[in-house]
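[1] Only the shape, not the letters, is given here:
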């Protein structure tokens, strides 16, 4: 049973778009106080860890090559892309291959301050690029560069008295402070108290969990609808009645069915007609997306986006791992439900329409069913060595997984747009 919407770009289309050797690329969102994504840091396989090795010049050029090959628009949905740069990339202005209006050039804290570097940053800003200073040591000599910066990114785990004093001395009203490595809700609260307004890290995926709280009745209804979708054929009257019990879900479902992505020739006005009009497989896809959108509720939209990417990735990569695509789609998608509902996974799995091994995988069991979810979780963090270990142990192709991930990002953006 297929589960995904027809992607805006298939795996084959994505492959054709890229030239040369496939390389890992991941992205990490930067969110504001309202949970809205303000940009993405792009993590290429050759950056930033390998940018300061003896082969730094080649690594830097490879990083730029990656950025051009992958493109920035579909990776960031048109939001700013934070790109880690070397001094060479900046002073030789190699970054001119990138779109200035959509690129934030990140200067590493280990960079040697020279007049040439400052002049280059000034020229690049004049061309429309934005500048971010990353993990700088807080010394007076960096003031000239800091005054050019649009962002200063701080490792929140290392933010201390010296850093606070330095920031107070900066007279840059337009400067945005980004707290990196904000991993827990507690970190986020402290960062807010410190005056940060932009945040990067896993904190938004790990909300405060309300243990012993029951799954809300309307969420039980959503899980029951998902369970019935796995019956073949679908019991149309029963599913229709369940969907109609949730007015918001009904509205969202009919809006999806009538959206341009399905190209209906006439407006679909009821659930039974929707099933007949689009067919059972498409109906399963639409309802899965509508239910997931409802589950996300008031949680940051990026959580829903990550759930869609995970679900689609696990679905696309499943055949090569000899796993069931339908189950893998639900595994990836539902892995984000605790973040949506604020409930521990062990409280949720009894309500989920999945067999035991999938429920165990959701709870963290290191079983075969969890292989692809493990890979994409490590990939989201840019943990390339961990990704390599999974590929080696399971006999998978890192090129294929990277392409599945890329196609999933494209698909998720199209699916999320159609669900709004």
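    Thanks, I have the structure now. If you're wondering where the values come from, they're calculated on a predicted model, not measured in any experiment. Numbering: from 1, shown residues only.
[2] so what are the domain limits for this protein?
    Following automatic domain parsing, the chain resolves into domains at 37-205, 217-298+300-419.
[3] possible to save the ones you listed as TSV with mean pLDDT, distance to residue 25 and mean neighbour count?
    Yep, even glycine has a C-beta here, placed from its N, CA and C like the rest. Formatted as TSV, the domains of the chain follow (pLDDT from 0 to 100; distance: least, Cβ to Cβ, whole Å; neighbours: other Cβ atoms under 10 Å):
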stretch	mean pLDDT	distance to residue 25	mean neighbour count
domain 37-205	80	5	17
domain 217-298+300-419	83	8	19
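[4] Throw those domains into JSON lines and include distance to residue 24, thanks.
    Below are those laid out as JSON lines (distance: least, Cβ to Cβ, whole Å):
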{"stretch": "domain 37-205", "distance to residue 24": "4"}
{"stretch": "domain 217-298+300-419", "distance to residue 24": "6"}
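[5] Which helix or strand lies directly C-terminal to the one helix or strand residue 122 maps to?
    Here residue 122 sits within helix 115-126, counting by DSSP states H and E. Using DSSP H and E, the next helix or strand after helix 115-126 towards the C-terminus is strand 130-134.
[6] Tell me the strands beside that next one, with direction?
    strand 103-108 (parallel), strand 151-155 (parallel) (DSSP bridges).
[7] Contact partners for residue 364?
    345, 370 (Cβ atoms under 8 Å, 6 or more residues apart in numbering).
[8] Correct me if wrong, but it is in a strand.
    No: Residue 364 is assigned coil when assessed by DSSP: H, G, I helix; E, B strand; the rest coil, not a strand.
[9] Contacts for stretch 106-125 next, please.
    So stretch 106-125 is contacted by 41, 48, 51-52, 82-87, 90-91, 93, 95, 100, 105, 131-137, 141-142, 144-145, 148, 153 (Cβ under 8 Å, 6+ apart).
[10] where's it relative to the chain centroid, distance-wise?
    29 Å (Cα atoms, centre = their mean, to the nearest Å).
[11] Over to stretch 329-347?
    On Cα atoms, centre = their mean, the centre of stretch 329-347 falls 16 Å from the chain's centre.
[12] Quick one: end-to-end length of it, please.
    21 Å (Cα to Cα, to the nearest Å).
[13] Residue 249 is nearest to which of the strands paired with strand 130-134?
    Checking these against residue 249 by Cβ to Cβ gives strand 103-108 as the closest, at 38.3 Å.
[14] quick one: residue 80 and residue 150, what's the gap?
    The gap separating residue 80 from residue 150 is 9 Å, by Cβ to Cβ, to the nearest Å.
[15] Can you check which residues contact both of these two?
    By Cβ under 8 Å, 6+ apart, the residues touching both residue 80 and residue 150 are 104, 130.
[16] what about the helices in the stretch 201-350 of the chain?
    217-229, 236-244, 247-257, 271-278, 280-296, 301-317, 325-334, 337-341, 345-348 (DSSP state H, counting those that start in this stretch).
[17] Is it possible to get JSON lines of these that adds distance to residue 380?
    Shown next, in JSON lines, are those (distance: least, Cβ to Cβ, whole Å):
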{"stretch": "helix 217-229", "distance to residue 380": "24"}
{"stretch": "helix 236-244", "distance to residue 380": "32"}
{"stretch": "helix 247-257", "distance to residue 380": "26"}
{"stretch": "helix 271-278", "distance to residue 380": "32"}
{"stretch": "helix 280-296", "distance to residue 380": "18"}
{"stretch": "helix 301-317", "distance to residue 380": "7"}
{"stretch": "helix 325-334", "distance to residue 380": "12"}
{"stretch": "helix 337-341", "distance to residue 380": "13"}
{"stretch": "helix 345-348", "distance to residue 380": "17"}
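[18] nearest to residue 354, of the ones you listed?
    helix 325-334 (6.4 Å).
[19] which outside residues touch the closest one?
    So helix 325-334 is contacted by 1-4, 226, 230, 288, 292, 307-319, 348, 352-355, 358, 361-362, 369-370, 372-373, 376 (Cβ under 8 Å, 6+ apart).
[20] Where do the helices of the stretch 51-200 of the chain begin and end?
    56-70, 73-76, 87-91, 115-126, 143-146, 161-169, 185-193.
[21] so the last one versus strand 151-155, what angle?
    Right, the one you point to is helix 185-193. 140 degrees (axes from the mean of the first three to the mean of the last three Cα atoms, to 10 degrees).
[22] Counting by contacts, list what helix 185-193 packs against.
    In terms of contacts (3 or more Cβ pairs under 8 Å, 6 or more residues apart in numbering; DSSP states H and E), helix 185-193 is packed against no helix or strand at all.
[23] Offset the numbering so it begins at 57, please.
    Done: numbering now begins at 57, and the last item shifts to helix 241-249.
[24] Please tell me how far that helix is from the chain's geometric centre.
    The answer for helix 241-249 is 21 Å, by Cα atoms, centre = their mean.
[25] Please apply the same query to the second one.
    On the basis of Cα atoms, centre = their mean, helix 129-132 is displaced by 11 Å from the centre of the chain it belongs to.
[26] The nearest residue in space to residue 246 that is not next to it in sequence and residue 181, how far apart?
    Distances taken as Cβ to Cβ, 6 or more residues apart in numbering place residue 212 nearest to residue 246, at 7.8 Å, with adjacent residues excluded. As judged by Cβ to Cβ, residue 212 and residue 181 stand 26 Å apart.
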